[in-house]
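Asks: Give me a model of this one.
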Amino acid sequence: MYKIRSFIKDASKMVFSNTLFLITGILASFVIPTVLDKSNYGDYKLFMLYTGYVSIFHFGFVDGILIRLSGNEYEDMDVINIRLFSRFFLEFEVAISFVMALCIFVLNLDYITRVIFLLICASIFLNNVQTYYQFIARSLLRFSQIAFMNFLQSMFNIIMIISSIFIYNIFHRVSLYYYLIFIISANFVMTFIYIYKYRNLTFGTHDRLKNHFKDILQLFKNGIFLTISYQSANIFTNLDNQIISMLFRSSVYAEYAFTYSIVSVISTVLNSMSSMVFPYMKKYKKETVIKNHSNIVKYISILSMLMISLYYPFEFIVNNFLSKYSSSLTFLKPIIPLVCINSIVDIVIFNFFIYLKKNRSYLLINVFNIIVSIVMSWGAYFIFGTPIALAYVSLISALIWFFSLELYLHINYKVAFIKNYLYVFCIIMLFIVIASLINGISLLLLYIAIYAVVTLLFYKHDVIGIINYLVGKIRRKNEN
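Replies: Presented below is the predicted three-dimensional model:
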């Protein structure tokens, strides 16, 4: 039996382990745009945007490791081979970063842009090596280790925030380079800790590379479509950012990127569950996973739609503490439900395609949706010429993306999805309507009331079951 309650319990642990990470993420989202001017903040967000693409430079090797090791215990691992894979990957990423850095020096770029892309080259090694060891931890279901590294990242964020406030109070400005260098330095420390923690899988006796050349090629082969599929989803979810950064001045992009930055804390919390889904699925039979797909989507959808209620706190903070970005609140209405949809896909549906080994199908669906989104975005730009039009187009595109992925699974595996999709669609439409009519605390209260009513109408028995389970658990704890 596929234990839904067990999954919820494990997912809850991952969410709660990221609480501090969430808090520091919120603080960073508001402090950084306060101490940087809009131009520098635009450059900072550009660095963060392109850093999100560095995983393409492991060319599927890391995903190949995840597929190979998921569902295994540490005792079952061939340590000698894993050491070879680890040493090869470290050297491979150093070479890739070095070659890309040389290319940056050849290109005719202005000073700031060259610095940004050189640091991105350093991030190729640092981020991909971290991902490699994190995927090993995921495959072994060592989520406590991932939670610890998230905690450590939170500590670095706290140091960065406090230091930047201190510098700002003294000099009344903070340099863009402070943030860029701090991020790279923190990543270096995190990478070193990962290597040290998994030193037994990195250093020591290992076989010669030439004896396992085919195995390494197989890891690339197994993972490349997964990597490309993930990056296609990454391109799709960042398409509006890419288009707006190209079509509008940097100050406009800074406002749009600021909105994404404050909303990204939602995806940080929700996507913390994504790391456990695929290894969890690997422990069960295909029929069981397919049977319970709609249940997992249902629970994640309920949680995601609740996160939309954070619109009011975000609105309150911006209006009262970051007034220079108050105009960015226009983007918040379509972007906050957009991020929630993306999280549903990332947490459940993407992992479901991986489990079914349908990476190529996932890629093709994503390419189709990218083309549709580009056509719609350019159409909206030529008709309206405003970034808010592109934001609403992105929301519509996300709904189409969600529908098309679930439709494929319904046609090929008979998974139920209409009810879940209608639930998400109804909640989002109701939110946009009421957010356009009222503001402030009234919006928060009305949305929570509507959310509760709609959720009960769609999932009455599930909600009652969850409440009874939690109440019973609390009672048993009090009795003990």
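Asks: Let me know how buried I170 is, in neighbour terms.
Replies: A total of 9 residues lie near I170 under the criterion other CB atoms under 10 Å. For the C-beta atoms, the positions are set from N, CA and C on the backbone; glycine is no exception.
Asks: Now it, what are its backbone angles?
Replies: phi -90, psi -50 (degrees, to the nearest 10).
Asks: any low-confidence regions in the stretch 351-480 of the chain?
Replies: 477-480 (pLDDT under 70).
Asks: Strands along that one, start to end?
Replies: Read by DSSP state E, counting those that start in this stretch, the stretch 351-480 of the chain holds no strands at all.
Asks: in it, which spans are helices?
Replies: Per DSSP state H, counting those that start in this stretch, the stretch 351-480 of the chain carries helices over the ranges 359-383, 387-413, 418-437, 440-479.
Asks: Tabulate those in CSV, adding columns for mean neighbour count.
Replies: Formatted as CSV, these follow (neighbours: other CB atoms under 10 Å):
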stretch, mean neighbour count
helix 359-383, 17
helix 387-413, 19
helix 418-437, 17
helix 440-479, 13
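Asks: Out of those helices, which is closest to K286?
Replies: Checking the helices of the stretch 351-480 of the chain against K286 by CB to CB gives helix 387-413 as the closest, at 9.2 Å.
Asks: so what does the closest one touch, helix or strand wise?
Replies: helix 213-237, helix 239-247, helix 250-270, helix 293-307, helix 329-344, helix 359-383, helix 418-437 (3 or more CB pairs under 8 Å, 6 or more residues apart in numbering; DSSP states H and E).
Asks: Redo these as a markdown table? Include distance to N200.
Replies: Formatted as a markdown table, the helices and strands packed on helix 387-413 follow (distance: least, CB to CB, whole Å):
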| stretch | distance to N200 |
| --- | --- |
| helix 213-237 | 20 |
| helix 239-247 | 40 |
| helix 250-270 | 30 |
| helix 293-307 | 34 |
| helix 329-344 | 35 |
| helix 359-383 | 31 |
| helix 418-437 | 43 |
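Asks: out of those helices, nearest to L49?
Replies: helix 239-247 (5.9 Å).
Asks: what does that closest one contact?
Replies: By CB atoms under 8 Å, 6 or more residues apart in numbering, the residues outside helix 239-247 that reach it are 42, 46, 49, 235, 252-253, 256-257, 260, 370, 373-374, 377, 381, 387, 390-391, 393-394, 397.
Asks: ok, now with 6 Å
Replies: 49, 253, 256, 373, 377, 387, 390, 394 (CB atoms under 6 Å, 6 or more residues apart in numbering).
Asks: Same check on stretch 403-423?
Replies: For stretch 403-423, with CB under 6 Å, 6+ apart as the criterion, the contacting residues are 290, 293-294, 297-298, 301, 349, 365, 458.
Asks: Which members of those are the farthest-apart pair?
Replies: Applying CB to CB across the contacts of stretch 403-423, the maximum distance is between I365 and F458, 25.6 Å.
Asks: low-scoring stretches of the protein, by residue?
Replies: Judged by pLDDT under 70, the stretches of the chain that qualify are 1-22, 71-75, 141, 143, 265, 268-280, 282, 477-480.
Asks: rerun at 50
Replies: 1-3 (pLDDT under 50).
Asks: Pop the domain breakdown of it in here.
Replies: Listed domain ranges for the chain are 1-19+238-480, 36-224 (source: automatic domain parsing).
Asks: Can I get those domains in CSV including distance to A28?
Replies: Output for the domains of the chain, formatted as CSV (distance: least, CB to CB, whole Å):
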stretch, distance to A28
domain 1-19+238-480, 8
domain 36-224, 6
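Asks: closest to F30 out of those domains?
Replies: domain 1-19+238-480 (6.1 Å).
Asks: For I438, give me the backbone phi and psi.
Replies: Residue torsions, per degrees, to the nearest 10, at I438 are phi -130, psi 160.
Asks: and it, how far is that from E315?
Replies: 11 Å (CB to CB, to the nearest Å).
Asks: The residue nearest to L306 when sequence neighbours are not counted and I302, how far apart?
Replies: Leaving aside its sequence neighbours, L306 sits nearest to Y451 (CB to CB, 6 or more residues apart in numbering; 6.4 Å). Y451 sits 9 Å away from I302, going by CB to CB.
Asks: before we move on, what about I82?
Replies: I82 is 39 Å from I302, by CB to CB.
Asks: Give me the neighbour count for L107.
Replies: Counted with other CB under 10 Å, L107 comes out at 9.
Asks: my bad, should have said Y312
Replies: 19.
Asks: Contacts only, for it.
Replies: Y312 neighbours (CB under 6 Å, 6+ apart): 443-444.
Asks: And it, which helix or strand is it part of?
Replies: helix 311-321 (DSSP states H and E).
Asks: Report the buried residues of that helix.
Replies: 311-312, 314-315, 318 (16 or more other CB atoms under 10 Å).
Asks: what's the angle between it and helix 440-479?
Replies: 120 degrees (axes from the mean of the first three to the mean of the last three CA atoms, to 10 degrees).
Asks: what angle sits between helix 311-321 and helix 418-437?
Replies: Going by the same axes, to 10 degrees, helix 311-321 is angled at 30 degrees with respect to helix 418-437.
Asks: So what's the gap between helix 311-321 and the chain middle?
Replies: For helix 311-321, the separation from the chain centroid amounts to 23 Å (computed by CA atoms, centre = their mean, to the nearest Å).
Asks: just to revisit the earlier point, select, out of the helices and strands packed on helix 387-413, the one closest to L444.
Replies: helix 418-437 (10.2 Å).
Asks: Output the closest one in CSV with nothing but the alpha carbons.
Replies: These are the backbone C-alpha positions of helix 418-437, laid out as CSV (Å, rounded to 0.1, in the frame of the first residue of the first chain):
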residue,chain,number,x,y,z
ILE,A,418,-10.0,17.1,-13.9
LYS,A,419,-11.1,17.6,-10.3
ASN,A,420,-7.7,18.8,-9.1
TYR,A,421,-7.3,21.1,-12.1
LEU,A,422,-10.7,22.7,-11.7
TYR,A,423,-9.9,23.2,-8.0
VAL,A,424,-6.7,25.1,-8.8
PHE,A,425,-8.3,27.0,-11.6
CYS,A,426,-11.3,28.1,-9.5
ILE,A,427,-9.1,29.2,-6.5
ILE,A,428,-6.8,31.3,-8.8
MET,A,429,-9.7,33.0,-10.7
LEU,A,430,-11.4,33.8,-7.4
PHE,A,431,-8.2,35.2,-6.0
ILE,A,432,-7.6,37.5,-9.0
VAL,A,433,-11.1,38.8,-8.9
ILE,A,434,-11.2,39.6,-5.2
ALA,A,435,-7.6,41.0,-5.3
SER,A,436,-8.7,43.4,-8.1
LEU,A,437,-11.7,44.6,-6.0
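Asks: for the helix or strand hosting N169, packing partners?
Replies: If you go by DSSP H and E, N169 is part of helix 143-171. With contacts defined as 3 or more CB pairs under 6 Å, 6 or more residues apart in numbering; DSSP states H and E, helix 143-171 has these neighbours: helix 19-35.
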